[in-house]
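Asks: turn this into a structure:
(one chain, ligands or ions: 2)
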Amino acid sequence: MLKEYTGAALDLFFPNYCLACQKHFKHYAGIENLLCWECWQDIKKNTPPFCQRCGRHLANAHLENLCANCRKHTLFFDRAFSPCLYTGITEKLIHCLKYNSQEHLADCLAGLIIDFIKDYGLPPLEYFDMFMPIPLYKSKLREREFNQAELIAAALAKNFGLALNSTTLVRVRNTQTQTQLNEGQRFANIKGCFSLRNPQAIKDKMIILVDDVLTTGATCSEAARLLKENGAQGVYVLTVAS
Ligand SMILES: [Zn+2]
Ligand SMILES: [Zn+2]
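Replies: Numbers count the residues shown, from 1 in each chain. Ligands and ions are numbered 1, 2, ... in the order given. This next block holds a predicted model:
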């Protein structure tokens with residue numbers, strides 16, 4: 001009884017419940033009332049200078065313009081950008097989106113990308129034709145009921161008034177979950193897993209691939225390789241975190 005009463009009082013005075021630290025809080029914290037101010041402030045951001053390929057922060061930008069990962073692997077996309085590091089609060093939010101079916105989170109995570117684009121003018125959207133989400137394999141889509149990358153891409157397309165193309169790029173082979181694999185295995189695992197339906201739709205187009213997370217870049221690189229082989233003019237990548 002007392003517990004119920006306390007809960008109701010908390011809801012009344014502190015109507016918001018922080019997704020990251022599970023505390024009730026009162027004030028709007030910038031990400032659609034999902035995070036308390038402390039957690040909102042605790043989101044780790046990617047800051048310039050950015051690696052010219054993957055967009056991660058470069059510690060020694062005066063010596064090089066590619067990070068160690070990008071010097072080691074051939075990545076087929078032109079450039080990638082992510083507002084956040086894949087750690088802490090951001091990792092938690094992305095996990096909630098993917099595995100707890102919290103679809104409303106997609107808009108909030110897209111909001112982090114939107115802020116980044118406005119802050120840095122990167123990527124320069126005026127040169128691009130469409131956002132294109134990394135597709136899920138059909139059995140995985142059935143299981144999860146939504147594609148988190150598509151929800152984020154749709155929110156970006158709506159916000160910037162750019163086209164959303166979620167039909168041309170398709171996943172034709174199911175892949176082992178990348179999280180279990182080392183770097184080399186990730187690149188081998190993903191090879192040949194995409195196909196294009198109506199390749200004419202991407203000929204000479206500037207495309208921004210959208211996904212939730214960029215780790216080795218293997219998935220986006222494979223999609224970019226196929227798109228460019230079929231005539232795409234340029235392929236950039238946007239993810240929430242990297
Ligand atoms: Zn919190
Ligand atoms: Zn890099």
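Asks: near ligand 1, which residues of this structure?
Replies: 18, 20, 21, 36, 39 (C-beta under 5 Å from the ion). Yep, even glycine has a C-beta here, placed from its N, CA and C like the rest.
Asks: out of those, who's the most crowded?
Replies: Top of the residues of the chain next to ligand 1 by neighbour number is residue 36, holding 23 neighbours under the definition other C-beta atoms under 10 Å.
Asks: wait, that one sits on residue 16?
Replies: Yes - counting by C-beta atoms under 8 Å, residue 36 touches residue 16, with 7.4 Å between them.
Asks: next, residue 172: phi, psi?
Replies: Dihedral pair for residue 172: phi -100, psi -10, per degrees, to the nearest 10.
Asks: show me what contacts it?
Replies: 137, 193, 194, 195 (C-beta atoms under 8 Å, 6 or more residues apart in numbering).
Asks: redo that, cut-off 7 Å
Replies: By C-beta atoms under 7 Å, 6 or more residues apart in numbering, the contact set of residue 172 is 193, 194, 195.
Asks: and residue 141, by the same measure?
Replies: By C-beta under 7 Å, 6+ apart, the residues touching residue 141 are residue 147.
Asks: tell me what the top helix by length along the chain is packed against?
Replies: As assigned by DSSP state H, the longest helix anywhere in the chain is helix 105-120. With contacts taken as 3 or more C-beta pairs under 7 Å, 6 or more residues apart in numbering; DSSP states H and E, helix 105-120 sits against helix 88-99, helix 148-160, strand 234-241.
Asks: just say which of the ones you listed is most tucked in.
Replies: Mean neighbour count (mean count of other C-beta atoms under 10 Å) peaks for strand 234-241 among the helices and strands packed on helix 105-120, with a mean of 26.
Asks: now do that strand and helix 105-120, the angle between them.
Replies: 120 degrees (axes from the mean of the first three to the mean of the last three C-alpha atoms, to 10 degrees).
Asks: so what touches strand 234-241?
Replies: In contact with strand 234-241 (C-beta under 7 Å, 6+ apart) are residues 77-86, 90, 94, 109, 112-113, 123, 152, 206-214, 220, 224, 227-228.
Asks: please apply the same query to stretch 115-125.
Replies: By C-beta under 7 Å, 6+ apart, stretch 115-125 touches 79, 81, 83, 160, 162, 208, 236.
Asks: same question for it: list its buried residues.
Replies: 116, 117, 120, 123, 125 (16 or more other C-beta atoms under 10 Å).
Asks: ok, residue 232 to residue 120 distance?
Replies: 23 Å (C-beta to C-beta, to the nearest Å).
Asks: which stretches of the protein aren't confidently modelled?
Replies: 1-15, 27-32 (pLDDT under 70).
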